[in-house]
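>>> structural data only, the sequence is not supplied:
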């Protein structure tokens, strides 16, 4: 006959007794809840960005890259303040910075090709040292009143700055080549980082040049650039390996249609900036133009982070026309606000909303560049994108300035709308041509 089972008794609770004055105090040290923890932080799965930076080495190279990228938004503003303050000519300051922009567009792809061929560390460090010396040479030329042509020569040397955002994206593409969803999150983060650096850079440059001395912005920018690149390139474990491109591989130059789309997108940025400054000046609030434009960058930064947290639906080829169409529609909001309400306060939220279309478009387009460019020439392909964007920014700035002066600042907001529509039409036409070509052959 089986023995009757005894009921299981709970373990005695760990009580502690003590006497305080004339009272007996009993303290229960047992857990409040039995069973599994109810803490939501333990049961909730990590988000996409937390998973992204849980990979070994990613935090280290990202921190170094962000330090190096912050001066990208500082150098132009610092140079303008420094040159205009010393020489009394904004025209000269603008011409010097425009020369540096053009030199960067020309030199960028060649430096990126060297990076692809010899590796990031071997090329980026000497190139950055050259660029930093160019910035310091400009500082000394301004400080000691050398002839104007020396300013152009010194600032042109800063074109040796490597494409830091492209090198960071190349590392992500190497690390996440088997995980397209994580690569989408990484590209979204990189675009948000671009927006953040170009939003904070001018603010930091203005603070340094106004608080300390006119050369402070250029000096601090050069130190940050060199320090960040040294930290970034020191992370050799995440550096992409060298992959010599085969002779039959598609070259980045065959991205012509996509690069034309980037030129039009750059024209959106360039024209929006110039037109907004002109509109704020016409409203009597020129000093507020920078803050209003920062709202557009803030909208893009926030949209980029949200877009990266979402799982992409469908290939980038199908998502890009949707993003371009959304950008064309949202860029009409500043035009409507300026024409109907004629107020800078009404323009501010319109720019914030318009900015939300920028990052998703850039992220999706960059994903296409990574898909269509051979692994051995990825840095060169993304540097060509930067050149296309700079070309568009210069073209859009000229077109927006002409429209603001000869039409009206409010009506000139039609310029970025037209540029965004052109980007959509270019991509649509290229898809139709590619589809017809496949069916013909």
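Happy to help now that I have it. Quick caveat, the model's predicted, so the values are computed rather than measured.

>>> residue contacts, the residue lying closest to residue 73 once chain neighbours are set aside?
Of all residues not flanking residue 73 in the chain, residue 201 sits nearest, at 2.0 Å (CB to CB, 6 or more residues apart in numbering). Backbone N, C-alpha and C define where each C-beta goes, glycine included. Counting by CB atoms under 8 Å, 6 or more residues apart in numbering, residue 201 touches 70, 71, 72, 73, 74, 77.

>>> which of those residues ranks first by neighbour count?
residue 71 (30 neighbours; other CB atoms under 10 Å).

>>> quick one: contacts for the nearest residue to that one once chain neighbours are set aside?
Nearest residue to residue 71, sequence neighbours excluded (CB to CB, 6+ apart): residue 221, at 3.6 Å. By CB under 8 Å, 6+ apart, the contact list for residue 221 reads 71, 74, 75, 78, 135, 205.

>>> doesn't residue 70 make contact with the last one?
Right, residue 205. No. Using CB atoms under 8 Å, residue 205 is not in contact with residue 70, being 9.9 Å away.

>>> tell me which residues of the helix or strand residue 383 falls within are tucked away?
Element membership for residue 383 (DSSP states H and E) is helix 378-406. By 16 or more other CB atoms under 10 Å, the buried positions in helix 378-406 come out as 378-397, 399-401, 403-404.

>>> nearest residue to the middle of the chain?
What sits nearest the mean C-alpha location of the chain, by CA atoms, centre = their mean, is residue 194, with 1.6 Å.

>>> need the next SSE after whichever strand or helix holds that one, C-terminal direction.
Using DSSP H and E, residue 194 sits within helix 180-211. Per DSSP H and E, the first helix or strand lying C-terminal to helix 180-211 is helix 216-233.

>>> in that next one, which residues are buried?
216-222, 224-233.

>>> before we move on, the earlier item: tell me the one of the contacts of residue 201 nearest residue 157?
residue 71 (14.8 Å; CB to CB).

>>> hmm, the closest one is touching residue 225, no?
Yes. Between residue 71 and residue 225 there is a contact under CB under 8 Å: 4.6 Å.

>>> mind listing the strands for the stretch 301-441 of the chain?
Read by DSSP state E, counting those that start in this stretch, the stretch 301-441 of the chain holds no strands at all.

>>> please enumerate the helices of it.
316-330, 332-336, 344-355, 358-372, 378-406, 414-440 (DSSP state H, counting those that start in this stretch).

>>> so how far is residue 399 from residue 418?
Per CB to CB, to the nearest Å, residue 418 is found 9 Å from residue 399.

>>> give me phi/psi at residue 55?
phi -70, psi 140 (degrees, to the nearest 10).

>>> neighbours around it, how many?
For residue 55, using other CB under 10 Å, the count is 15.

>>> right, and residue 170 touches residue 382 too?
Yes. In this structure, residue 170 is within contact of residue 382 by CB under 8 Å, at 7.2 Å.

>>> quick one: least confident helix or strand in the chain?
strand 23-28 (a mean of 50; mean pLDDT, DSSP states H and E).

>>> picking up where we left off before, relative to residue 296, which of the contacts of residue 201 is nearest.
The closest of the contacts of residue 201, once distances to residue 296 are taken by CB to CB, is residue 73, at 14.0 Å.

>>> let me see the contact set for the closest one.
197, 198, 199, 200, 201, 202, 204, 205.

>>> now rank these by neighbours and give me the top one.
residue 205 (27 neighbours).

>>> ok, that one - contacts?
73, 74, 75, 77, 78, 81, 217, 221.

>>> restricted to helices, list these.
75, 77, 78, 81, 217, 221 (DSSP state H).

>>> closest one of those residues to residue 293?
residue 77 (12.4 Å).

>>> quick check: the closest one touching residue 204?
No. Assessed by CB under 8 Å, residue 77 is found out of contact with residue 204, at 9.0 Å.

>>> tell me, what's touching those two both at once?
residue 217.

>>> returning to that earlier point: pick the one among the contacts of residue 73 closest to residue 151.
Of the contacts of residue 73, the one sitting nearest to residue 151 (CB to CB) turns out to be residue 205, at 17.6 Å.

>>> distance of the closest one from residue 426?
Residue 205 is 34 Å from residue 426, by CB to CB.

>>> check residue 173 too.
From residue 173 to residue 426 the distance is 25 Å (CB to CB).

>>> got it, and residue 195?
23 Å.

>>> more neighbours: these two, which one.
residue 195 (25 against 20).

>>> check contacts around that one.
297, 298, 300, 301, 304, 358, 359.

>>> now with 6 Å, please.
The contact partners of residue 195, by CB atoms under 6 Å, 6 or more residues apart in numbering, come to 297, 300, 301.

>>> chain neighbours aside, what residue packs nearest to it?
Nearest to residue 195 is residue 301, by CB to CB, 6+ apart, at 4.0 Å.

>>> look up how far residue 350 lies from that neighbour.
Distance from residue 301 to residue 350, by CB to CB: 17 Å.

>>> same question for residue 281.
18 Å.

>>> ok, these two, which is more surrounded?
Counted by other CB under 10 Å, residue 281 and residue 350 do not tie: residue 350 has more neighbours, with 23 against 15.

>>> who touches stretch 351-367?
Outside stretch 351-367, the residues touching it (CB under 6 Å, 6+ apart) are 187-188, 191, 295-296, 299-300, 303-304, 307, 316, 319-320, 323, 326-327, 330-331, 333-334.

>>> just stretch 299-316 next, same as before
With CB under 6 Å, 6+ apart, stretch 299-316 has contacts from 48, 181, 184-185, 188-189, 191-192, 195-196, 352, 355-356, 358-360, 364, 367-368.

>>> please compute how far it lies from its chain's middle.
13 Å (CA atoms, centre = their mean, to the nearest Å).

>>> what residues of it count as buried?
The neighbour-count check on stretch 299-316 (16+ other CB under 10 Å) flags 299, 300, 301, 302, 303, 304, 305, 307, 308, 312, 316 as buried.

>>> can you check stretch 94-114 too?
Buried-residue list, stretch 94-114, by 16+ other CB under 10 Å: 95-97, 99-101, 103-105, 107-109, 111-114.

>>> what sits up against that stretch?
So stretch 94-114 is contacted by 76, 79, 83, 123, 127, 151-152, 155-156, 158-159, 162-163, 379-380, 383-384, 386-387, 390 (CB under 6 Å, 6+ apart).

>>> appreciated, that's everything.
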